[in-house]
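Trainee: A structural model of the following input is requested.
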Amino acid sequence: MSHKQSELSKDVFIINELGLHARSAAKIAEIAVKARDQVWITKNNDETVDAKSIIDMLTLGCSKGTKITIEIESDSDIKIFNKIVHLVENGFGE
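Mentor: Numbering: from 1, shown residues only. Sure, this is the predicted structure:
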């Protein structure tokens, strides 16, 4: 998936034991759908998917320890960006 340069971007690591699974992907998507613009998740600087899509995120196959990059197109979505970063950095509350 190609996308324009993001306004906001941060690398984080998946720290929960089960990795990025259906429940954790759903938590990200629930936040991401509130963004005005695009939200992306990139695995290991390689494959990029829409963070509003649970299925797309599951195709990344992110296990514990995987580096992902969270990107948001518009700085007007800073609160959403920060919520997603916080969620991942805190192991999705698991």
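
Trainee: Count the neighbours of Ala26 for me.
Mentor: When counting by other CB atoms under 10 Å, one arrives at 13 neighbours for Ala26. Where C-beta positions appear, they are placed from N, C-alpha and C, glycine not excepted.

Trainee: list the contacts for Val49?
Mentor: Contacts for Val49 (CB atoms under 8 Å, 6 or more residues apart in numbering) come out as Met1, Trp40, Ile41, Thr42, Asp56, Met57, Thr59, Leu60.

Trainee: What distance do you get for Gly19 to Glu94?
Mentor: With distances taken as CB to CB, to the nearest Å, Gly19 is found 10 Å from Glu94.

Trainee: With Val49 instead?
Mentor: 21 Å.

Trainee: before we move on, the earlier item: of all the contacts of Val49, which comes closest to Ser76?
Mentor: Trp40 (16.1 Å; CB to CB).

Trainee: Quick one, grab the pLDDT at that closest one.
Mentor: Confidence at Trp40, expressed as pLDDT, is 97.

Trainee: Please enumerate the strands of the chain.
Mentor: Under the criterion DSSP state E, strands of the chain are mapped to 8-13, 39-43, 47-50, 67-72.
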